[in-house]
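>>> For reference, the sequence and a predicted model appear below.
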Amino acid sequence: MSHTFEAMKFGPLGDAVAASMPNSEADPVGVWAAALSLYSAAISRNVRLDNNRPVVVWTVLAGRSGVGRKGYALSTARTFMNQVIGGFLDVRTRDGISSGPSLVDMLNKFELETSGQPGGIDGRAMLVEEEWASVLKRQKRCPNFSTLFRIAWDGKTISNRTKKELQAVARPLLGFHAHITPGEWAKYVSSTDALGGSFNRLLPVLVERSKMLSYDNKPAFVDVKTLKAAFTWATSDSRVITFDKAAGQRYDEIRSEVEDRMVELPELLASYMERAAEQVHRIAAVLTATTKKTKITRRAVEAAWAFVQYSMASVEKLVREAADQAAKPVKSTAELVRAVLERYEGEASSTILLRALGSRVTAASVRAAVEQAPDLEMETVKGAGRGAPRIVYRLVEPPEAPTLVQEPEAPTLVQEPEVPTAPAVTEAVPISRPAKRAKKAVGSPPGLRLVGPTGPVAKKAKPKAKKATKTTPPAADETSSNPFLALL
């Protein structure tokens, strides 16, 4: 048996849990938590604290499905508790309460049923939610449930007005025990409700399987005569439980420790521990009642504190894991389907797949994801005989992507760079005085002439018009006209 449980164990109730453990796979802390809830609710009508507060202890088992053995723990506790408070559990156990009006109505009916009886009004009730996550989901739709739930733990009046009447419960006596997985805790236990105080009335404890027993194992018979005698004592008269001096001093020390711890923690974590000191007080009172005494001893306080400390550590781990989970990227439906199919060697029926995926997906979203994924396929398989066809999902090799053949690139023609032609440069060349007196070109600045890249540019001189001359007919040759001159 775990060292942790040994520190919590106290009185006939602790002996009964210890005696049941050799034949149980449950976590002993889980069995202890369930037994405390059941027994405290059963004695809450007659046993109370000296400040008039009820002694009910509300517990929650948090563990993974299959390996947490939450249901096994409750079953182990009920096996021996039925011998002690079986009548109360059979008549007053309820589940599925998810709204404030239904909570008030349930407790009100128990009071009305017992009004006028010799023992007086009996409003005791025991809520056992083995599928707490589904109830939490519905409770979020009711704005009044959290408030009324908290007030019921405090033992103060709760009420609800209907169209016909006002229902009121002056002294709620409500026991509570629930089961949840760590993943569901992260999803449904909101920080808003936690900061409002809804969950510091609860004592969550992390649980896991203690051992594996053979298939033919049977629950052990537990001798509960001492515990049964204590229950008879507790319910036969009104019992007010108080601290003795040493226990009171230790209780004050614990209160100081709790507050110092809360200062060090973030506000969200600290909010779960606001009622830790009162939880110690209540548990110590219940354990004291199992010994048929009204004075709480230091030993009872230490046992109660050990359980509350374990719960505080469990809450811290649950809240931190929830924060880590929120920070992780959410997997797509296709990724979730692949993960499940890999666990089932690449193939699984629709029933198995949807059961493994739980509430995270729907059948329609799975089909849509499979149709889009190249490595997943869905096939409708005909049933044997007249059996209905079933849908099977498989992991397949994705089709290979076609290989793209790259056409050879055409050779790139490298164009020789052109030799740039030197632009014409206009250069001022002074004209000498004796230069030709050609008429200056239009647009040339005075005293300048155009030159090309290799020298001055010759100007085309305008052709001069030939001056018309008067033609004189030649004179007759004197020689030819005077024969004597020709002889000379």
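Great, that's in hand.

>>> does the residue nearest to residue 275 when sequence neighbours are not counted belong to a helix or a strand, and which?
Distance criterion Cβ to Cβ, 6 or more residues apart in numbering; nearest residue to residue 275, sequence neighbours excluded, is residue 200 at 4.5 Å. For glycine as for every other residue, the C-beta is placed from the backbone atoms N, C-alpha and C. Assigned by DSSP states H and E, residue 200 belongs to neither a helix nor a strand.

>>> give the contact list for residue 200.
Neighbour list for residue 200: 194, 271, 272, 273, 274, 275, 276 [criterion: Cβ atoms under 8 Å, 6 or more residues apart in numbering].

>>> let's see it at 10 Å
Counting by Cβ atoms under 10 Å, 6 or more residues apart in numbering, residue 200 touches 150, 153, 194, 270-276, 278-279, 315.

>>> and of those, the nearest to residue 251?
residue 278 (10.2 Å; Cβ to Cβ).

>>> Just to check, the closest one is in contact with residue 203?
No - Residue 278 is beyond contact range of residue 203, at 11.1 Å (criterion: Cβ atoms under 10 Å).

>>> Can you list the low-confidence ranges for the chain?
By pLDDT under 70, the weakly predicted segments of the chain are 1-2, 196, 324-330, 359-360, 384-387, 401-488.

>>> Return the distance of the residue nearest to residue 275 relative to residue 242.
Taking Cβ to Cβ, to the nearest Å as the criterion, residue 200 is separated from residue 242 by 24 Å.

>>> for residue 71, same thing?
37 Å.

>>> Same question for residue 262.
26 Å.

>>> who has more neighbours, these two?
residue 262 (18 against 14; other Cβ atoms under 10 Å).

>>> quick one, what contacts the closest residue to the more buried one other than its chain neighbours?
The shortest distance from residue 262 to any non-neighbouring residue, by Cβ to Cβ, 6+ apart, is to residue 270 (4.1 Å). The neighbourhood of residue 270, defined by Cβ under 10 Å, 6+ apart, consists of 195, 200, 258, 259, 261, 262, 263, 264.

>>> of all those, which comes closest to residue 341?
residue 195 (40.6 Å).

>>> tell me which element the closest one falls in.
helix 191-196.

>>> and what of residue 378?
Going by DSSP H and E, residue 378 is part of strand 376-381.

>>> What are the buried residues along that strand?
Buried residues in strand 376-381, counted by 16 or more other Cβ atoms under 10 Å: 376, 378.

>>> again with stretch 26-37
Neighbour-count burial for stretch 26-37 [16+ other Cβ under 10 Å]: 26, 27, 28, 29, 30, 31, 32, 33, 34, 35, 36, 37.

>>> By residue count, which helix of this structure is the longest?
What stands out as the longest helix in the chain, according to DSSP state H, is helix 298-327.

>>> Not counting its own residues, what contacts the following helix or strand past that helix?
Sequence-wise, the next helix or strand downstream of helix 298-327 (DSSP H and E) is helix 333-343. Here helix 333-343 makes contact (Cβ under 10 Å, 6+ apart) with 329-332, 346-348, 352-358, 360-362, 365-370, 372-373, 375-376, 378, 393-395.

>>> now helix 333-343, how far from the centre of its chain.
Taking the mean of its C-alpha atoms, helix 333-343 sits 19 Å from the chain's own mean (Cα atoms, centre = their mean, to the nearest Å).

>>> Okay, now the sheet partners of the helix or strand just after it, with direction.
Going down the chain from helix 333-343, the next helix or strand is strand 347-349, by DSSP H and E. According to DSSP bridges, strand 347-349 forms sheet pairs with strand 390-395 (antiparallel).

>>> now the angle from the partner strand to strand 376-381?
With axes from the mean of the first three to the mean of the last three Cα atoms, to 10 degrees applied, the angle from strand 390-395 to strand 376-381 works out at 150 degrees.

>>> close enough to count as contact, residue 67 and residue 26?
No - using Cβ under 10 Å, residue 67 is not in contact with residue 26; the gap is 11.4 Å.

>>> what's the overlap in contacts for the two?
With Cβ under 10 Å, 6+ apart as the test, residue 67 and residue 26 both reach 207, 208, 209.

>>> which residues does the closest residue to residue 240 other than its chain neighbours contact?
Nearest non-adjacent residue to residue 240, counting by Cβ to Cβ, 6+ apart: residue 50, 5.5 Å away. Contacts for residue 50 (Cβ under 10 Å, 6+ apart) come out as 240, 241, 242, 243, 281, 285, 294, 296.

>>> Widest-spaced pair of the residues you listed?
Once Cβ to Cβ is applied, the contacts of residue 50 give 281 and 294 as the farthest pair, at 13.8 Å.

>>> So for those two, which residue has more residues nearby?
residue 281 (25 against 15).

>>> residue contacts, residue 192?
So residue 192 contacts 146, 198 (Cβ under 10 Å, 6+ apart).

>>> From the contacts of residue 50, which land in strands?
Among those, DSSP state E puts 240, 241, 242, 243, 296 in strands.

>>> overlap in contacts of residue 281 and residue 294?
Common neighbours of residue 281 and residue 294, using Cβ under 10 Å, 6+ apart, are 50, 241.

>>> show me where the stretch 1-150 of the chain has helices.
Assigned by DSSP state H, counting those that start in this stretch, the helices in the stretch 1-150 of the chain fall at 3-8, 11-20, 28-43, 70-92, 100-114, 132-139, 145-154.

>>> May I see the buried residues of the first one?
Neighbour-count burial for helix 3-8, with 16+ other Cβ under 10 Å as criterion, is recorded at 4, 5, 8.

>>> Pipe those residues into TSV and attach distance to residue 144 per row.
TSV is the format used below for the buried residues of helix 3-8 (distance: Cβ to Cβ, whole Å):
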residue	distance to residue 144
4	38
5	38
8	35
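
>>> check contacts around the residue lying closest to residue 188 once chain neighbours are set aside.
Once flanking residues are discounted, residue 188 sits nearest to residue 136: 4.1 Å by Cβ to Cβ, 6+ apart. If you count contacts by Cβ under 10 Å, 6+ apart, residue 136 has them with 98, 129, 145, 178, 180, 184, 185, 187, 188, 189, 190, 193.

>>> Residue 136 and residue 317: what is the separation?
Counting by Cβ to Cβ, the gap from residue 136 to residue 317 is 19 Å.

>>> swap in residue 31?
Taken as Cβ to Cβ, the span from residue 31 to residue 317 is 20 Å.

>>> Ok, residue 245 next?
For residue 245 relative to residue 317 (Cβ to Cβ), the value is 36 Å.

>>> and the longest strand for the protein?
strand 173-180.

>>> Can you show me the CA trace of that strand as CSV?
Once non-C-alpha atoms are left out, strand 173-180 reads as follows in CSV (Å, rounded to 0.1, in the frame of the first residue of the first chain):
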residue,chain,number,x,y,z
LEU,A,173,-27.2,18.5,3.2
LEU,A,174,-25.7,17.6,-0.1
GLY,A,175,-22.9,15.1,-0.7
PHE,A,176,-21.0,15.0,-3.9
HIS,A,177,-18.5,12.7,-5.7
ALA,A,178,-17.5,12.8,-9.4
HIS,A,179,-15.1,11.3,-11.9
ILE,A,180,-13.3,13.1,-14.7
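
>>> what's downstream of it, the next helix or strand?
Next along from strand 173-180, by DSSP H and E: helix 182-188.

>>> Who are the packing partners of that next one?
In terms of contacts (3 or more Cβ pairs under 10 Å, 6 or more residues apart in numbering; DSSP states H and E), helix 182-188 is packed against strand 58-62, helix 132-139, strand 173-180, strand 202-206, helix 298-327.
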